[in-house]
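Visitor: sequence first, predicted model second:
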Amino acid sequence: MRWIGLIFLSFLAGCVTTTEGSAPQQPAPQQTARKAPTQPTSAQITRFRQVVARVEPVAERQCRSRTKNLDCDFNIIIDRRPNQPANAYQTIDKNGRPVLAFNLAILANMQNSDEIAFVLSHEAAHHIAGHIPRQRQNATAGAIILGGLASLAGAGSGTVDAAANVGASVGARTYSKDFELEADALGTVIAKRSGYNPLRGAEFFNRIPDPGDRFLGTHPPNAKRIETVRRVNSQL
């Protein structure tokens, strides 16, 4: 069923995403637009590896303590494909091993180790919370419901397929904002226990476009994400 694959790929395409060169919604008068860097320096690559060395064991311990029969051996990589928009994401390789990836553009735009640690912890949290299989289930349920309704209405195969695609898309997005906030909360715990400041790390949200609170949007408002980090951090 191709709609499952389409929605699965769209979920993997972006978790923490920035829009290169995009300006804030209300830029200060003294600000001038500048093109965001797309290539990290050798120092930034070194900093990323240093953060990985501290965060990975903590994330794996959290994974093992919170789950059963889940592969907690993270493979943390740099996605070196050129000309990609700044992005970090979590996926699963063909052997079922969890992969946490930062591409070159997002590494070039990370301002400090706390930001790297928070985003890395957030991606690890997606795996620990089982968000990929949960979103697959939601997509499948949506496709079955809407595709089934179209079929019962006597629609042709093309219309049924289109309805299933729409249902899968709606199903996949239904809880995506909740998933992001869950990952922010657990990511705060992982980053803090790795010795980083999640509050400073969450300042990253102040530099990316705010998705607002759109119906069926994939990400919650940036302010709500920062508030989640602050709340969880105050309890640690």
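Guide: Arrived safely.
Visitor: all strands of the chain, in order?
Guide: Taking DSSP state E as the criterion, the chain carries its strands at 16-17, 75-79, 87-92, 98-103.
Visitor: and of the ones you listed, who's closest to Lys224?
Guide: Nearest of these to Lys224, taken as CB to CB: strand 16-17 at 14.9 Å. Where C-beta positions appear, they are placed from N, C-alpha and C, glycine not excepted.
Visitor: buried ones in the longest helix seen in the chain?
Guide: Looking across the chain with DSSP state H, the single longest helix is helix 42-66. Residues of helix 42-66 classed as buried: 44, 47-48, 51-52, 54-56, 58-60, 62-63 (neighbour count, 16 or more other CB atoms under 10 Å).
Visitor: indicate which one of the strands of the chain is closest to Val232.
Guide: Here strand 16-17 is closest among these (CB to CB), at 17.1 Å.
Visitor: please enumerate residues in contact with the longest helix of the chain?
Guide: 40, 70, 72-74, 76, 78, 102, 107-108, 110, 113, 116-117, 120-121, 124, 127-128, 186, 189-191, 193-196 (CB atoms under 8 Å, 6 or more residues apart in numbering).
Visitor: could you give me the average pLDDT of it?
Guide: Per-residue pLDDT over helix 42-66 has a mean of 97.
Visitor: C-alpha coordinates for stretch 195-214, PDB please?
Guide: Provided in PDB are the C-alpha atoms of stretch 195-214 (Å, rounded to 0.1, in the frame of the first residue of the first chain):
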ATOM      1  CA  GLY A 195      25.500  17.800  31.600                       C
ATOM      2  CA  TYR A 196      24.000  20.400  29.200                       C
ATOM      3  CA  ASN A 197      21.600  23.300  29.800                       C
ATOM      4  CA  PRO A 198      18.300  22.500  28.000                       C
ATOM      5  CA  LEU A 199      17.100  26.000  28.500                       C
ATOM      6  CA  ARG A 200      20.000  27.400  26.600                       C
ATOM      7  CA  GLY A 201      19.600  24.600  24.000                       C
ATOM      8  CA  ALA A 202      15.900  25.400  23.500                       C
ATOM      9  CA  GLU A 203      16.800  29.000  22.500                       C
ATOM     10  CA  PHE A 204      17.300  27.300  19.100                       C
ATOM     11  CA  PHE A 205      13.500  27.600  18.700                       C
ATOM     12  CA  ASN A 206      13.900  31.400  18.800                       C
ATOM     13  CA  ARG A 207      15.800  31.300  15.500                       C
ATOM     14  CA  ILE A 208      13.600  29.100  13.400                       C
ATOM     15  CA  PRO A 209      10.200  30.000  11.800                       C
ATOM     16  CA  ASP A 210       7.300  29.700  14.200                       C
ATOM     17  CA  PRO A 211       4.700  27.200  12.700                       C
ATOM     18  CA  GLY A 212       2.000  28.800  14.900                       C
ATOM     19  CA  ASP A 213      -0.900  26.600  15.900                       C
ATOM     20  CA  ARG A 214      -2.200  25.500  12.500                       C
END
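Visitor: buried set for it?
Guide: For stretch 195-214, burial by neighbour count (16+ other CB under 10 Å) applies to 196-205, 208, 210-211.
Visitor: now render those residues as CSV, adding distance to Gln235.
Guide: Converted to CSV, the buried residues of stretch 195-214 look like this (distance: CB to CB, whole Å):
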residue, distance to Gln235
Tyr196, 17
Asn197, 15
Pro198, 12
Leu199, 13
Arg200, 18
Gly201, 17
Ala202, 15
Glu203, 20
Phe204, 21
Phe205, 20
Ile208, 25
Asp210, 25
Pro211, 26
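Visitor: where does confidence bottom out across the residues you listed?
Guide: Taking pLDDT as the measure, the buried residues of stretch 195-214 have their low point at Pro211 (65).
Visitor: in stretch 177-186, what's buried?
Guide: Lys177, Phe179, Glu180, Leu181, Glu182, Ala183, Asp184, Ala185, Leu186.
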